[in-house]
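J.: Would you be able to build a 3D model of this:
(chains A and B)
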Amino acid sequence: MAATLFDKLWETHAVRGFADGSALLALDRVFLHERTGSIALASVLDSGRLLPAGQRVLATMDHVVDTHHARSDNTTMPGGTKFIQAMRTTAHRAGIRLFDLGDPQQGISHVVAADLGFVLPGFTYVCPDSHACTLGALGALAWGIGTSDCEQALATEMLRIARPKQLRVWVDGELSPGVSAKDLALHLIATHGSAGGERQAIEFAGPAIRALPMESRFTLCNMAVEFSAFCGLVAPDERTVAYVRGRERAPQGEAFEQAATAWLQLATDEGAVFDREICLHARDVSPMVSWGTALEHGAAVSGRVPLLESLPAASRGRAAKALDYMGLAPGTVLAGQPIDAAFIGSCTNGRLEDLRTAAALLDGQRVAKHVHALCVPASGAVKRAAEAEGLDQVFIQAGFEWREPGCSLCFFAGGESFAAGARVVSSTNRNFEGRQGPRVRTHVASPATVAASAIAGKLTDPRGFFPQQEEL
Amino acid sequence: MSALQPLTVHAGVAVPLLLANVDTDTIIPSREMKTVSRQGLGQALFAAWRYHYDGVQRLAVNEEFVLNQPAYAAATVLLAGPNFGCGSSREHAVWALADYGFRVLIAPSFGAIFQGNCIRNGLLPVELPLEQVQLLVAWVAAAPQQREVTVDLVACEVRTSDGRIWPFVVPEVARSRLLEGRDEIAETLAHAPDLAQWRERDRHLRPWVYAADAA
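T.: Residues are numbered from 1 along each chain as shown, chains lettered A, B, ... in the order given. Okay, the predicted model is just below:
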């Protein structure tokens, strides 16, 4: 019978099925971080239960550590030092490889997991962080969990999961120059709501997805949780195989070829049925920016904040509260809104491709005088690769700070926030109230939009920086 | 983790917070997660809405916020909007709600990771259609302290003292876990032999998953 990519991942990992359709799934890889990893790990160690084989679990510092140069265990995050040291102590006790401060591989878990080939196509992967779904871009079944589930994952290497419904998001055509996977995700969420993919396993498919480079696929799957999905997936293809080949923890030689053959068979079979399908055309996607405090509050940068009466009745109260928080009136034109700060980084858009895109716009330019601009590469590997290309100099000469890897100002890592009331354009994943600091007004956008806006000092459609195709 | 406090029938004051997409950053901001312990987070629940601030310095209680209104001081049931608990997987959101004293959350839907975290911590997430939650809010608001809401996990229904009954559905696994307060890790470890068998098969099918084990 024709099976979907998700069906195949589920069947190959179902250790035991239950009458209610749920199954105990075997877990191939677990990644821990200092925010919640040490809590889960300490519980397991204290219980005397066994841990999985060492190579299947990694730990990193990303959520609490500073991203300043010459950083140490001392952080301005209240209590942060305890988290950092507890992660180090528990990882050491458990014999788990930790990418500590100063380690060349240190960085955001989901990005490091891909950098290293720790997660490969067809794997199951969990991390006590909602953006674990990022790794679905490899054709891996990857989802975020809480601390208790993490404790169970470590103690049993299994989690009992209710089988999610399946949604295929089919995207025809090809994204226009200056329009990115981030814009596609924001477009999808603005159109179908923050809960539009609720608890579903989403496969992103179609010509526009096939045409996306791997790093864009990571961005897209990363945003699946912002659509309230269980996970996001892209079927492995030749691009996936080329991305994985030669990575530190990927198989080598003949073993790699054998694995690659198996990975290419994971794609959804012709005629397989999804519970639901959303179809869209890539040409309908424009550079997007959020205007409120949930990602369904999104519009084209060239558009306007909607009028409240144009929204569904049930959403108006929340939208009005959001606009009050954001200091925007209904109907306001988004492009031209003055900004105070610009941030490029995070597990969503802190990879090499994101940095290259932003740097191409920033080359020879200066950010507006009043704009505080930062770039935080997502991992040590990304940072070194960017520096090897001279991108760090482009950012610095344009007036950006160039930081050490970590989650940084996506939220409160290192105890850092933007100033109260600041309007920030950010390549991160959440515009929630207070996410980037008390009273901070976050506009989530693509790296290109962040760079273009930083230069202009106001929200700016980046397409002016990209040669556009002739209208046919 | 130790066994949980079982939950069968709960009656309590219900407090309305009927906004859509209330995220876990709002339930507990990152800057309030100062401890590696699961306890003591109740004071940080909804911190940005519950207190007035100067920067990160708490100045005073925000009297207007619903949790701070005297009529709701004893609330143990939260009436929330769609997609409650979306966003970050931080289990601290559930620990803060439980530590504050909540036992039951009623909403049209919940963030998936958050919902799982609730069940792991003995906090019951009940899904009722938005119209029913709105009716409950309207009924409760007239006299919050007198109009307790009863949530019966044995019968799977929400009851009000004026005789209305709304049935709800909870997956059986979650229901029995909450009713009995069972330790899920011990339960799963009982299937360790199944995993061992699966692993034996999988080593042949996907040797590359295990290549590093021997190293």
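J.: Quick check: the gap between A:V112 and A:P405.
T.: 9 Å (Cβ to Cβ, to the nearest Å). Any C-beta I mention is one placed from the backbone N, CA and C, and that applies to glycine too.
J.: Also B:V77?
T.: 43 Å.
J.: Show me which of the two is the more surrounded one.
T.: The neighbour comparison of B:V77 against A:P405 (other Cβ atoms under 10 Å in any protein chain shown) goes to A:P405, with 28 against 25.
J.: Specify the local secondary structure of the more buried one.
T.: coil (DSSP: H, G, I helix; E, B strand; the rest coil).
J.: That one reaches A:S379, doesn't it?
T.: Yes - A:P405 is in contact with A:S379 according to Cβ atoms under 8 Å; the separation is 5.0 Å.
J.: Common neighbours of the two, please.
T.: Shared contacts of A:P405 and A:S379 (Cβ atoms under 8 Å, 6 or more residues apart in numbering or on different chains): A:106-108, A:350.
J.: Greatest separation within the residues you listed: which pair is it?
T.: Farthest-apart pair in the shared contacts of A:P405 and A:S379 is A:Q106 and A:G350; separation 13.3 Å (Cβ to Cβ).
J.: list the residues that contact both of these two?
T.: A:379, A:405.
J.: Between those two, which has more neighbouring residues?
T.: Per other Cβ under 10 Å, whichever of A:Q106 and A:G350 has more neighbours is A:G350, with 30 against 22.
J.: where does the closest residue to that one other than its chain neighbours sit relative to chain B, distance-wise?
T.: Spatial nearest neighbour of A:G350, chain neighbours left out: A:A378 (3.1 Å); criterion: Cβ to Cβ, 6 or more residues apart in numbering or on different chains. To chain B, A:A378 is 17 Å away according to Cβ to the nearest Cβ, to the nearest Å.
J.: Phi and psi next, for A:A378.
T.: As for A:A378, its main-chain torsions (degrees, to the nearest 10) stand at phi -70, psi -30.
J.: pretty sure it is touching A:Q105, no?
T.: No - using Cβ under 8 Å, A:A378 is not in contact with A:Q105; the gap is 11.9 Å.
J.: who has more neighbours, the two?
T.: Comparing A:A378 with A:Q105 by other Cβ under 10 Å, the one with more neighbours is A:A378, at 32 against 18.
J.: burial count for A:G317?
T.: Here the number of neighbours of A:G317 (other Cβ under 10 Å) works out to 15.
J.: How about the one 4 residues further on?
T.: A count of nearby residues for A:K321, using other Cβ under 10 Å, gives 14.
J.: ok, it touching B:L19?
T.: Yes - assessed by Cβ under 8 Å, A:K321 is found in contact with B:L19 at 7.0 Å.
J.: Where does the most centrally placed residue in chain B sit: helix, strand or coil?
T.: Centroid check for chain B by Cα atoms, centre = their mean gives B:C118 as the closest residue, at 3.7 Å. Under three-state DSSP, B:C118 falls in the helix class.
J.: Tell me how far it lies from chain A.
T.: In terms of Cβ to the nearest Cβ, B:C118 sits 9 Å off from chain A.
J.: how about low-confidence regions in the chain?
T.: Assuming you mean chain A. For chain A, residues meeting the criterion pLDDT under 70 lie at A:469-472.
J.: I was after chain B.
T.: For chain B (pLDDT under 70), the answer is B:1-3, B:214-215.
J.: hey, where'd the helices end up in it?
T.: Here chain B has its helices, by DSSP state H, at B:24-27, B:47-50, B:92-100, B:112-120, B:130-141, B:172-180, B:184-189, B:192-205.
J.: Residues contacting the fourth one from elsewhere in the structure, which ones?
T.: Contacts with helix B:112-120, where a contact means Cβ under 8 Å, 6+ apart, come from A:130, A:143-149, A:198-199, A:225, A:228, A:230, B:1, B:24, B:84-86, B:89, B:91, B:93-94, B:105, B:110, B:124-125, B:174, B:177-178, B:184.
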